[in-house]
Each structure stands twice: as structure tokens, then as C-alpha cells.
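Peer 1: Build me a model from this:
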Amino acid sequence: MQTRGIHLQYSFESRGQRGPEVENPLFDLLNRLQEHGSIRHAATAMGASYRHVWGSLKHWEQVMGEPLVHWTQGQAARLTPFAQRLLAAERQARTRMTPHIEALRAELEHVLAQALDGGQLVLEVFASHDLGLPLLRELAQQRQLHIGLRFAGSVDALRALAQGRCTVAGFHVPALPEGSPVFAGALKPLLKPGVHKLIGCLRRQQGLMLRPSGATQRRLSVSDLPGSGLRFVNRQPGSGTRLLMDHLLQGAGVEASTIEGYLARPEDSHLAVAAAIAGGQADVGPGIEAAAREFGLDFVPLIEEDYFLVCLKDALESAPVRALRAVLESPEWPAALQALPGYAAPDAGRVLSLTKALPWWHFRTAKKAATA
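Peer 2: From the prediction side, this is the model:
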């Protein structure tokens with residue numbers, strides 16, 4: 001059997017890319033065919049000739065060793081089952097790699113920006129995964145601020161800040177006025193009043209994402225998950241979303257082990273969870289509304305949460321952090337977030353009191369919870 005290797009490359013173009021976009025001629029062609037149902041219409045959409053698209057199909061069928069299209073004169077072109085599986089698998093793999101693709105693209109953009117303008121401001125940011133932050137990076141770039149964005153779980157992002165691997169960290173928490181031993185135990189040791197400064201960034205809706213049911217409205221809570229037969233796909237330990245789910249289960253008196261898949265292999269981003277559900281590997285999982293809508297999933301809201309940025313006190317008045325706050329305070333930031341369902345920016349750019357913004361800070365059993 002012929003070995004088919006993966007060949008990676010990148011190029012500099014006048015137009016940019018977003019999120020998990022990775023161009024590949026085979027998958028671009030298959031997507032166009034699936035979308036238009038015709039080789040001729042696909043060729044028109046691609047700005048290519050019918051002969052070119054037909055030749056490309058034959059080339060890729062030879063490379064893959066499998067037929068890709070069912071085609072009969074006068075009938076719509078249909079992808080073969082193999083091509084459909086290939087397209088679905090590639091999309092899920094690409095989605096799972098989103099945080100790493102974005103980090104690599106940011107690093108390459110940084111290198112190019114330094115070559116073109118050595119005086120550009122640079123800010124290294126480790127942050128919990130969010131669909132709004134790439135938009136923030138684009139706005140910052142327009143103001144000569146390059147954000148080196150790397151996605152990590154909330155706990156890992158705060159640890160990176162403590163270890164000096166970044167200047168700003170991003171994490172998210174709900175208000176939780178009644179306290180939470182889960183959040184306090186995980187985050188309190190990494191945040192110190194007087195040492196860290198909290199900056200408002202955005203507010204978003206967290207909930208459960210499910211495959212579409214056709215019903216006008218679905219009601220589902222974490223209490224309904226045990227014994228439901230629904231396969232759960234979770235986020236990785238240390239992520240803010242995993243902390244949220246652990247907190248909600250604790251409040252509902254539900255054991256994690258009673259939910260099928262809760263403790264199994266996790267995903268590292270909202271989009272990866274959504275892709276797993278859309279691909280049939282799971283039935284339900286936690287995530288933000290914007291990720292659910294992107295994959296055509298149902299969304300059951302559970303709670304609103306604030307996404308904060310945090311830096312050391314000494315860095316608050318540095319030129320890169322002041323430039324970041326200026327972008328957050330600009331009208332362009334909430335305008336950009338309007339493209340994402342479930343998002344708002346009520347305190348964007350404001351320096352907030354850490355103990356007031358995080359009311360669970362004084363939860364008395366936090367130390368005991370952390371020990372446990």
C-alpha cells in the first residue's frame with residue numbers, strides 16, 4: 001500500500017487567515033463540490049476552468065487510491081463515502097488543532113512584523129481558549145501592538161504568568177456570590193491582591209452543546225446527565241470550563257463518574273468539543289454559545305461568566321499593557337464581539353478590584369478544598 005505523508009508549508013499573503021483555517025487544495029476542492037453539487041459550479045466558485053477541476057479530481061483520486069466523486073452526465077456530483085469521511089475527519093482534526101495553529105500563526109506574524117518594523121510593541125499572552133481573543137489580536141495589530149497569543153487552560157495560563165513566561169494571562173469565572181471551593185481552590189493560590197492587577201475583557205454565555213434535536217427548545221441541566229444515555233465530551237483538567245462543570249456538579253450533588261464520558265479523553269477548546277459532538281463522537285459537552293452555533297448545534301445556556309485579563313502590578317503601566325487597555329476601551333472591541341453570539345463587553349479595559357470582581361475570593365474552605 002502506498003504511503004501518504006503530510007507535507008506542511010506556509011506562505012506570506014496580502015490577505016490574512018483566522019482561527020483553524022489551513023488551506024489545502026484537496027479539501028478546498030471537496031468542500032466546494034459538497035457545497036455546489038456540480039463540478040462546473042465548483043469550478044466557477046473557485047475561479048478555475050472545468051477542465052482544471054476535473055483534472056485535479058483525477059489527480060487526487062490517484063494520490064489517495066480511492067474514488068472521491070460519484071459523477072454521471074446530467075446528474076449532480078456526489079462525494080463518495082470515503083471522501084465524506086475524509087472531509088469530516090480533516091475538519092475535526094483541524095478544529096482540535098485550532099489553539100496550536102493560532103499560536104504558530106501569531107509567532108510567524110511576530111517574526112514578519114519585527115522584520116518590517118522593529119519598533120512595534122509586543123505583548124506575550126497566555127489565555128484560556130476563547131473565540132473573541134483572535135479578534136482582539138487583529139484590532140491590536142491595527143494599532144501597532146502585536147499580541148503573541150497562546151491558548152492554555154485558565155490554571156496553566158496563570159501559572160505561565162507566575163513563571164514569567166508571559167506578561168498577561170487570561171482566565172474566566174462566573175460571579176458565584178455564594179462562593180465556590182472548586183474555583184477558589186484552583187485559582188486563589190495563583191492570584192494575589194496587591195501583586196496582580198485585573199483587567200476586564202468580555203462577558204460570555206456558557207452552557208451545554210448538543211446535536212440538533214429538531215425541537216423548538218431543549219431543557220437540560222447537569223442533574224439530568226447521569227443515566228440519560230448521553231455521551232459527554234469534556235474539557236481538559238485545569239481549564240476554566242472544566243472547573244465550571246466540576247463546580248456545577250458539586251452544587252447539584254452529582255458524581256462525575258455517573259456521567260458517561262465525563263472522565264474520558266478531553267478536548268482542549270470549545271471548538272474541539274463542538275466538533276466532536278457534530279462528528280458523532282459524543283452527544284453533549286460544555287462550551288460557549290458561539291462554538292455551538294458555528295457547528296450548527298443546539299445550545300442550552302447555564303451561566304454567564306466574565307473573562308478577565310491579569311498582569312503583575314509593575315506591568316500595568318507598561319507601554320504594551322496600556323496599548324492593550326486602549327484597544328479594549330475602544331468602540332471597535334464591543335463592535336467586533338457582536339459577531340459572536342452570547343458575547344458582551346461591559347467592563348472592557350477597566351482595572352478592577354481583584355477581591356470585588358472575584359467574590360468567591362474569601363470563601364473560607366478554599367484552602368481545605370485545595371488540599372483535598
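
Peer 1: Checking my notes, Leu26 in a strand, right?
Peer 2: No. The assignment for Leu26 (DSSP: H, G, I helix; E, B strand; the rest coil) gives helix, which keeps it out of a strand.

Peer 1: can you list contacts of stretch 323-334?
Peer 2: Applying C-beta atoms under 8 Å, 6 or more residues apart in numbering, the external contacts of stretch 323-334 come out as 121, 123, 136, 139-140, 143-145, 147, 168, 199-201, 309, 344-345, 348-351. C-beta: built from backbone N, CA, C; applies to glycine.

Peer 1: What are the boundaries of the helices in the stretch 151-300 of the chain?
Peer 2: For the stretch 151-300 of the chain, the helices defined by DSSP state H, counting those that start in this stretch occupy 154-162, 181-187, 240-252, 270-278, 289-294.

Peer 1: which secondary structure elements does the first one contact?
Peer 2: It refers to helix 154-162. For helix 154-162, the contact count by 3 or more C-beta pairs under 8 Å, 6 or more residues apart in numbering; DSSP states H and E identifies strand 121-127, strand 168-174, helix 181-187, helix 240-252, strand 298-312 as packing neighbours.

Peer 1: Let's see that with 10 Å instead.
Peer 2: strand 121-127, strand 145-151, strand 168-174, helix 181-187, strand 196-210, helix 240-252, strand 298-312 (3 or more C-beta pairs under 10 Å, 6 or more residues apart in numbering; DSSP states H and E).

Peer 1: quick one on the thing from earlier: select, out of the helices of the stretch 151-300 of the chain, the one closest to Gln62.
Peer 2: For those, proximity to Gln62 was assessed by C-beta to C-beta; helix 270-278 is nearest, at 29.4 Å.

Peer 1: Stretch 134-151: which residues count as buried?
Peer 2: Residues of stretch 134-151 classed as buried by neighbour count (16 or more other C-beta atoms under 10 Å): 134-137, 139-141, 145-151.

Peer 1: And stretch 40-47, by the same measure?
Peer 2: Residues of stretch 40-47 classed as buried: 41-43, 46 (neighbour count, 16+ other C-beta under 10 Å).

Peer 1: Mind pulling the model confidence for His362?
Peer 2: With respect to pLDDT, His362 has a value of 63.

Peer 1: show me where pLDDT drops low in the stretch 201-350 of the chain?
Peer 2: 214-218 (pLDDT under 70).

Peer 1: Now with 50, please.
Peer 2: Low-confidence segments of the stretch 201-350 of the chain, defined by pLDDT under 50, are located at 216.

Peer 1: swap in the stretch 1-150 of the chain?
Peer 2: Counting by pLDDT under 50, the stretch 1-150 of the chain has low-confidence residues at 1-3.

Peer 1: show me where it has helices.
Peer 2: With DSSP H, counting those that start in this stretch, the ranges of helices along the stretch 1-150 of the chain come out as 25-36, 39-46, 50-64, 81-96, 98-116, 133-142.

Peer 1: what packs against the shortest one?
Peer 2: Taking 3+ C-beta pairs under 10 Å, 6+ apart as contact, the helices and strands that helix 39-46 lies on are helix 25-36, helix 50-64.

Peer 1: Can I get the ones you listed in a markdown table including distance to Gly285?
Peer 2: As requested, the helices and strands packed on helix 39-46 are arranged in a markdown table below (distance: least, C-beta to C-beta, whole Å):
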| stretch | distance to Gly285 |
| --- | --- |
| helix 25-36 | 25 |
| helix 50-64 | 31 |
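
Peer 1: Mean neighbour count and distance to Pro81 added to those, as JSON lines?
Peer 2: Shown next, in JSON lines, are the helices and strands packed on helix 39-46 (neighbours: other C-beta atoms under 10 Å; distance: least, C-beta to C-beta, whole Å):
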{"stretch": "helix 25-36", "mean neighbour count": "18", "distance to Pro81": "13"}
{"stretch": "helix 50-64", "mean neighbour count": "15", "distance to Pro81": "13"}
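
Peer 1: do you know which of the ones you listed lies nearest Phe183?
Peer 2: The closest of the helices and strands packed on helix 39-46 to Phe183 is helix 25-36. By C-beta to C-beta, the value is 40.1 Å.

Peer 1: Tell me what angle the closest one forms with helix 39-46.
Peer 2: Taking axes from the mean of the first three to the mean of the last three C-alpha atoms, to 10 degrees, one finds helix 25-36 and helix 39-46 inclined to each other by 110 degrees.

Peer 1: Grab the nearest non-local neighbour of Asn31.
Peer 2: Closest residue in space to Asn31, ignoring its immediate chain neighbours: Leu87 at 7.0 Å, by C-beta to C-beta, 6 or more residues apart in numbering.

Peer 1: Test my guess that that neighbour contacts Glu35.
Peer 2: No. In this structure, Leu87 is not within contact of Glu35 by C-beta atoms under 10 Å, at 11.0 Å.

Peer 1: Overlap in contacts, these two.
Peer 2: Here Leu87 and Glu35 have no joint contacts, going by C-beta atoms under 10 Å, 6 or more residues apart in numbering.

Peer 1: Brilliant, that's me finished.
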